[in-house]
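Q: With the sequence up front, the predicted model follows.
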Amino acid sequence: MPYQQAVEELKIKFKNMRKEYKCRNEYSPIEFVTGRVKEVSSILEKVKKFNIPMDKIEYELEDIAGIRIMCQFVDDITKVVNIIRKRKDLSIVYEKDYITNAKESGYRSYHIIIRYPVNLSIGCKEIIAEIQIRTLGMNFWATAEHSLNYKYKQHIPSNIKTKLKQAADTAYQLDELMMQIKDEIKDAQRLFGVKSNIVSNINESLVSLISLGKVKESSNYQLQLTTLIEIGDINQLNSLLLSIQRDIDKYKK
Ligand code: 0O2
Ligand code: 0O2
């Protein structure tokens, strides 16, 4: 129960952080968040692998509760790590930087082990959880490699292992390349955000126009909106919004 609750709470907190950035029309270093409580079978496997006594599981198994934060660009990871370091609702036990020091397998990710208090009906329980922060490219590779490890029980055939190593190098290069064009991508995403906000405002205004009985006028504007969405000029969309708002003011009077 406490692990499940911790995962749910932390997922909501990090997802909301993304929402907060979007609300301010700012770029979010968090692309998406997932989380899970480790399967009992995986817990038992790990307990056996590391020879962990049953009564020490909650202290020695650090990833029973796991949160994964995906970022678009490598430098977003540092931003997310700094945000986590400043949080008051958790404390950091230690950090593992598998980005500067990739694992032998080719695995790259930033791990933060935290202590997190969970308030239960029987009182407060502090649990240990693991937050993994990685780019979409790192995630793609790790997901594929994890599935292969599951299938081959750590004994991946050498030809597949070679390809996986090449894929890890390619994923690294992809992250490097994307960093070089990140400003253009962020700018395009910001423009998209601005455009969808204006379109939402136009739609709300059209509803207001209809509620004032101006159905024909609203249909005319709707046609203009459809054309402008395709052309995609923000200035034109803005002037359409202004015209509708002026009409609303006029009809209200
Ligand atoms: P939306 O509407 O998709 O933006 P949940 O319990 O549903 O909140 P859960 O069970 O952790 O979350 O779901 P899951 O499948 O782990 O995915 C969590 C969120 O990450 C979901 O979004 C997915 O859409 C999103 N996600 C998963 N894979 C990808 C991916 O490859 N790219 C992107 N961009 N998003 C992905 P939400 O929060 O449910 O909302
Ligand atoms: P799950 O829930 O299936 O993802 P370990 O790697 O587990 O033997 P340690 O010290 O317990 O060693 O933890 P570490 O290295 O921080 O790794 C914990 C988690 O990081 C793993 O959880 C994976 O999610 C991820 N990870 C670490 N190394 C690799 C790797 O080489 N490939 C992939 N795909 N993921 C890795 P689990 O235990 O796999 O559980």
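A: Structure received. Ligands and ions are numbered 1, 2, ... in the order given.
Q: quick one: secondary structure of residue 128?
A: Under DSSP: H, G, I helix; E, B strand; the rest coil, the three-state class of residue 128 is strand.
Q: At which residues are the strands of the protein located?
A: Ranges of strands in the chain, per DSSP state E, are 32-37, 65-71, 91-97, 110-120, 123-135.
Q: Flag every buried residue along the shortest one.
A: By 16 or more other C-beta atoms under 10 Å, the buried positions in strand 32-37 come out as 33, 35, 36, 37. C-betas here are computed from N, CA, C, even on glycine.
Q: Quick check: bridge partners of the first one?
A: With DSSP bridges applied, the residues forming beta bridges to residue 33 are residue 69.
Q: surely it meets residue 69?
A: Yes - between residue 33 and residue 69 there is a contact under C-beta atoms under 8 Å: 5.4 Å.
Q: tell me, what's touching those two both at once?
A: By C-beta atoms under 8 Å, 6 or more residues apart in numbering, residue 33 and residue 69 have these common neighbours: residue 14.
Q: So which residues on the protein come close to ligand 2?
A: Residues of the chain found near ligand 2 (C-beta under 6 Å from any ligand atom) are 38, 42, 46, 63, 66, 96, 103, 105, 107, 111, 142, 145-146.
Q: 8 Å - rerun?
A: 36, 38-39, 42, 46, 49-50, 61-63, 66, 96, 98, 103-107, 109, 111, 130, 132, 141-146, 149-150 (C-beta under 8 Å from any ligand atom).
Q: how about the helices of the stretch 101-250 of the chain, start to end?
A: Here the stretch 101-250 of the chain has its helices, by DSSP state H, counting those that start in this stretch, at 136-152, 158-180, 182-211, 215-231, 234-252.
Q: who's in contact with the residue nearest the centre of the chain?
A: For the chain, residue 32 is the residue whose C-alpha lies nearest the centre (C-alpha atoms, centre = their mean; 1.6 Å). Neighbouring residues of residue 32 by C-beta under 8 Å, 6+ apart: 18, 70.
Q: Can you check the pLDDT for it?
A: pLDDT recorded at residue 32 is 98.
Q: can you list the residues of the stretch 101-250 of the chain near ligand 1?
A: So far as C-beta under 8 Å from any ligand atom goes, the stretch 101-250 of the chain lies against ligand 1 at 136, 139.
Q: on that earlier part again, ok, so of the buried residues of strand 32-37, who is nearest residue 225?
A: Distance to residue 225, by C-beta to C-beta, is smallest for residue 33 among these, at 33.5 Å.
Q: tell me the contacts of that closest one?
A: With C-beta under 8 Å, 6+ apart, residue 33 has these contacts: 11, 14, 15, 18, 67, 68, 69, 70.
Q: most tightly surrounded among the helices of the stretch 101-250 of the chain?
A: helix 136-152 (a mean of 16; mean count of other C-beta atoms under 10 Å).
Q: Quick check: which helices or strands does it pack against?
A: Judged by 3 or more C-beta pairs under 8 Å, 6 or more residues apart in numbering; DSSP states H and E, the packing partners of helix 136-152 are strand 65-71, helix 158-180.
Q: change it to 7 Å
A: helix 158-180 (3 or more C-beta pairs under 7 Å, 6 or more residues apart in numbering; DSSP states H and E).
Q: what angle separates the helix it packs on from strand 123-135?
A: Taking axes from the mean of the first three to the mean of the last three C-alpha atoms, to 10 degrees, one finds helix 158-180 and strand 123-135 inclined to each other by 90 degrees.
Q: Report the distance from helix 158-180 to the chain centre.
A: Put simply, helix 158-180 sits 22 Å off its chain's centre (C-alpha atoms, centre = their mean, to the nearest Å).
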